[in-house]
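Participant: quick one: sequence plus predicted model below, questions after.
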Amino acid sequence: MDRGITEYEEVAGVAVYVILVFNIIAIYNVVELTFMIWAGFKRHADLYFWVFLVTTYGLAAYTVGFILNANVPNAKGYFYLTLIEVGWMAMVTGQSMVLWSRLHLILRNPFRLKMILWMIIVNAIICHIPKAILTYGTNTINLVIWGRPYSFYERVRVTIFFIQELIISGIYISETFRLIRLGHTTRGHPGCGDLMQRLILVNVVLILLDTTVLGLVYAGYCDIQISCQSFVYSVKLKMEFTTLNQLANLQ
């Protein structure tokens with residue numbers, strides 16, 4: 001049974017090095033993203049800027065919380081738990097909001113855009129709140145009571161968020177193919193066609209990265225899955241930063 005993010009448990013073997021590498025890369029990417037955000041955004045007032053900023057620092061909080069959990073046995077449990085949970089909320093929902101905030105550039109259907117936004121909001125409510133309660137519950141003396149619901153809901157929430165990002169990335173792919181098919185990729189901008197192809201490739205890679213995390217969850221590799229999520233989301237943000245900014249410059 002998945003015990004969740006409970007008291008300190010020593011990780012041994014190859015997993016130690018895998019987790020270490022994932023965490024180091026994630027922290028490095030956060031530092032790099034910080035410079036990219038503050039140097040790369042011309043405007044600091046639009047939604048895209050703020051969700052990107054919140055997602056990046058949510059990723060930092062999540063990674064630091066997990067490092068404390070895994071490597072500092074005497075760290076205050078509820079402190080690192082709060083870092084992990086708040087960081088997870090900002091990182092995961094923020095990631096979807098980053099994609100949604102640029103989706104209008106290729107999807108000109110207000111109703112579909114609104115439905116996707118409501119999907120993100122509803123999923124955030126039904127996934128984040130129960131999961132936070134269960135996470136804190138697993139750190140009480142009643143682990144037997146909380147452990148099984150935690151194990152079940154961990155898989156549920158990761159699956160829901162996987163489907164959510166699969167839908168958003170799928171829309172990017174299908175709408176980009178539609179624009180290419182209709183010949184709307186030139187617009188007088190050199191390299192626009194290449195950018196559209198890169199946009200498709202980026203979203204395919206995003207789906208593959210999310211599939212990796214989902215596989216680790218169902219395989220029961222809790223520690224590796226948590227650190228892998230930091231790595232995956234940091235890579236996704238870096239890929240999206242370049243591609244989505246270039247897409248905005250074509251408008």
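Facilitator: Ah, there it is. Computed from a prediction, not measured in an experiment: that's the story for all the values here. Residues are numbered from 1 along each chain as shown.
Participant: could you use CA atoms for every contact and neighbour count after this?
Facilitator: OK.
Participant: checking L105 next. Helix, strand or coil?
Facilitator: For L105, the secondary-structure state derived from DSSP: H, G, I helix; E, B strand; the rest coil is coil.
Participant: what's the spacing between it and E165?
Facilitator: Per C-alpha to C-alpha, to the nearest Å, L105 is found 18 Å from E165.
Participant: in terms of neighbours, single out the busier of these two.
Facilitator: E165 (22 against 14; other C-alpha atoms under 10 Å).
Participant: packing partners of the lowest-mean-pLDDT helix or strand in the chain?
Facilitator: Least confident helix or strand of the chain, by mean pLDDT, DSSP states H and E, is helix 222-249 with a mean of 85. Contacts defined by 3 or more C-alpha pairs under 8 Å, 6 or more residues apart in numbering; DSSP states H and E place helix 222-249 against helix 14-40, helix 47-71, helix 77-103, helix 192-219.
Participant: list the buried residues of the first one.
Facilitator: Same thing as helix 14-40. Neighbour counts using 16 or more other C-alpha atoms under 10 Å place 19, 22-27, 29-30, 33-34, 37 of helix 14-40 among the buried residues.
Participant: find the nearest non-adjacent residue to M97, please.
Facilitator: Once its chain neighbours are removed from consideration, M97 has its nearest residue in V51; the separation is 6.5 Å (C-alpha to C-alpha, 6 or more residues apart in numbering).
Participant: same check, this time on D223
Facilitator: I19 (7.4 Å).
Participant: residues contacting that neighbour?
Facilitator: Residues counted as contacts of I19 (C-alpha atoms under 8 Å, 6 or more residues apart in numbering) are 223-224, 227-228.
Participant: now T34
Facilitator: Contacts of T34 (C-alpha under 8 Å, 6+ apart): 53, 56.
Participant: tell me the spacing between it and G94.
Facilitator: Here T34 is placed at a distance of 15 Å from G94 (C-alpha to C-alpha).
Participant: can you redo the helices and strands packed on helix 222-249 as TSV with distance to K114 and mean pLDDT?
Facilitator: What follows is the helices and strands packed on helix 222-249, written out as TSV (distance: least, C-alpha to C-alpha, whole Å; pLDDT from 0 to 100):
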stretch	distance to K114	mean pLDDT
helix 14-40	26	87
helix 47-71	15	88
helix 77-103	10	90
helix 192-219	21	87
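Participant: make a markdown table from these and add distance to L134 to it.
Facilitator: Listed next are these as a markdown table, based on distance: least, C-alpha to C-alpha, whole Å:
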| stretch | distance to L134 |
| --- | --- |
| helix 14-40 | 24 |
| helix 47-71 | 17 |
| helix 77-103 | 11 |
| helix 192-219 | 17 |
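Participant: what's the closest of those helices to V235?
Facilitator: Using C-alpha to C-alpha as the measure, helix 14-40 is the one of those that comes nearest V235, at 7.3 Å.
Participant: starting at the chain centroid, how far to the closest one?
Facilitator: The chain centre lies 14 Å from the centre of helix 14-40; the measure is C-alpha atoms, centre = their mean, to the nearest Å.
Participant: same deal with stretch 88-96?
Facilitator: Averaging C-alpha positions (C-alpha atoms, centre = their mean) puts stretch 88-96 5 Å from its chain's average.
Participant: quick one: residues contacting the residue nearest to V54 when sequence neighbours are not counted.
Facilitator: Spatially, and ignoring its direct neighbours in sequence, V54 is nearest to A90 (6.2 Å; C-alpha to C-alpha, 6+ apart). Counting by C-alpha under 8 Å, 6+ apart, A90 makes contact with 54-55, 57-59.
Participant: most neighbours out of the residues you listed, which is it?
Facilitator: Most crowded among those, counting by other C-alpha under 10 Å, is L59 at 33 neighbours.
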